[in-house]
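Visitor: generate coordinates for the sequence data below:
(4 chains)
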Number of protein chains: 2
Amino acid sequence: MTVDRPLRADAARNRSSLLAAASEEFAAHGLDASVADIARRAGIGKGTVFRHFPTKDDLLAAVVLDRVDDLATLAHHLTTATDPGAALLEFMEAAAGRQQQLDLSFLREAGEVNARLTEARERLFTAIIALVTRAQQAGAVRPDIEGMDVILLMCAPSHVVSFVPSPPPDLWRRYLSLIFDGLRPEGAHPLPGPAVRDAATPVPNSARPGAK
Amino acid sequence: MTVDRPLRADAARNRSSLLAAASEEFAAHGLDASVADIARRAGIGKGTVFRHFPTKDDLLAAVVLDRVDDLATLAHHLTTATDPGAALLEFMEAAAGRQQQLDLSFLREAGEVNARLTEARERLFTAIIALVTRAQQAGAVRPDIEGMDVILLMCAPSHVVSFVPSPPPDLWRRYLSLIFDGLRPEGAHPLPGPAVRDAATPVPNSARPGAK
DNA sequence: GCGTAAACGGACCGCGCGGTCAACTTGTTA
DNA sequence: TAACAAGTTGACCGCGCGGTCCGTTTACGC
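Guide: Next up, the predicted model:
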């Protein structure tokens, strides 16, 4: 393991503007944002990008790590909220809202390149499962769902909204409300089939359908 | 307008196997399935592909047209079903199930290249709106949603499922049930903000965020 | 059968991508 | 301030893509 000496001042500056640019560019153009565009937006040369991150995937992983870490922290805090139902809703709102269009596909794509990322993902997932369990115990959420269902559903609102031309910035809230109503116990109808067993480990690159 | 003389026998055969291959390849690899792969799967040369469809987008549009047309016909038939609530659910099942992973993004991508496609889309959308209205009048669906909501939500199940490694082939039914429960009147909570006004016209290519 | 237009196919083109490299600049430190 | 390691950069590489082109093959009307 390499000891990480402190970065030179300009390098640190470049690195952070690179991460910001990458975040925006990925959000705007999805996974096929080009490294050249990211570099241009960051105001640095393309070679510099690859000095900081050996691979485009590593850059993506760093961006995703920020988001996942942030969400995991929030989720963890919310596990001690007084109203478990409201806490789960608040978490889902945060997930849908802030990672607008930086959805699970990025987590899947970033894959296993980064050990810190998989650790953050695990923290996020266990916190979500705790949120769901507490919400169920409080009777705010139907008993026949599991944490993984919420994990899978939480980015559906922003995905759904991505189909409409110039969506009002809050449109995702509409679909989150609709989906959350489906999670409530009141109108629940029996679900067909079992829940998904273990989606905690994202697909390894080699086994994905569209693997390169 | 060119008069369409009948195709030569081999050409017709090639065209249909090309369409089949394209459908499978798009389903497997998404929008960036390569024309070369499609040609190989169809057992024809790459040049032949471009003889039948001047552009990759035109090929995509032809594939999407098939699906949309099929769905539109089904939706139209279901508008006369005896149980409007069950009819809407059946339609959403068909949409989620058969166009597994050939979702609205394809419709968006195929854009306006094909007049027949936009006509089929319009037929589909109006039929869906009718299904929703009938289901609401029957009290099977909450009154504060609109046809466009269903249009946007109907492909969410298969998208959500696409995140899990080797999903059981019926897993999408679980999420469709969940979402449909959210559409029922029983547990409905007020929705924030208005519905989306006019998403009937997909984004023109020039205005899309990830436009090429 | 035969002539011909229609259909075919694969070599080929230009492009933009992710990634490399060696010459150059700059922050740091003694 | 001098010297050097750390950092930067843009030209460059190989690749695979969508799309073209033209010599060849093939189905079909007579």
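
Visitor: what's the stretch of helix or strand residue A:92 belongs to in contact with?
Guide: Element membership for residue A:92, per DSSP states H and E: helix A:84-98. By C-beta atoms under 8 Å, 6 or more residues apart in numbering or on different chains, the residues outside helix A:84-98 that reach it are A:67, A:70-71, A:74-75, A:78-79, A:81, A:128, A:131-132, A:134-135, A:137-141, A:150, A:153-155, A:157-158, A:172-173, A:176, A:180. The C-beta positions use only the backbone N, C-alpha and C, and glycine is treated the same way.

Visitor: 7 Å instead?
Guide: A:71, A:74-75, A:78, A:81, A:131-132, A:134-135, A:138, A:140-141, A:154-155, A:157-158, A:172, A:176, A:180 (C-beta atoms under 7 Å, 6 or more residues apart in numbering or on different chains).

Visitor: inside helices: which ones of these?
Guide: Among the contacts of helix A:84-98, the residues falling in helices (DSSP state H) are A:71, A:74-75, A:78, A:131-132, A:134-135, A:157-158, A:172, A:176, A:180.

Visitor: just among the residues you listed, which is most surrounded?
Guide: Among these, residue A:157 has the most neighbours (other C-beta atoms under 10 Å in any protein chain shown), with 29 neighbours.

Visitor: counting by contacts, list what the helix or strand harbouring residue A:118 packs against.
Guide: Following DSSP H and E, one finds residue A:118 within helix A:115-137. Here helix A:115-137 is seen to pack against helix A:56-78, helix A:84-98, helix A:147-153 when contacts are counted using 3 or more C-beta pairs under 7 Å, 6 or more residues apart in numbering or on different chains; DSSP states H and E.

Visitor: most tightly packed of these?
Guide: Among the helices and strands packed on helix A:115-137, helix A:147-153 has the highest mean neighbour count (mean count of other C-beta atoms under 10 Å in any protein chain shown), at a mean of 22.

Visitor: could I get that helix in CSV with only the CA atoms?
Guide: Only the C-alpha atoms of helix A:147-153 are listed here, as CSV (Å, rounded to 0.1, in the frame of the first residue of the first chain):
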residue,chain,number,x,y,z
GLY,A,147,-34.5,-3.0,2.1
MET,A,148,-33.4,-4.1,-1.4
ASP,A,149,-36.8,-3.0,-2.8
VAL,A,150,-36.3,0.5,-1.5
ILE,A,151,-32.7,0.5,-2.9
LEU,A,152,-34.0,-0.5,-6.3
LEU,A,153,-36.9,1.9,-6.3
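
Visitor: which outside residues touch that helix?
Guide: In contact with helix A:147-153 (C-beta under 7 Å, 6+ apart) are residues A:125, A:128, A:129, A:132, A:179, A:195, A:196, A:199, B:160, B:163, B:175.
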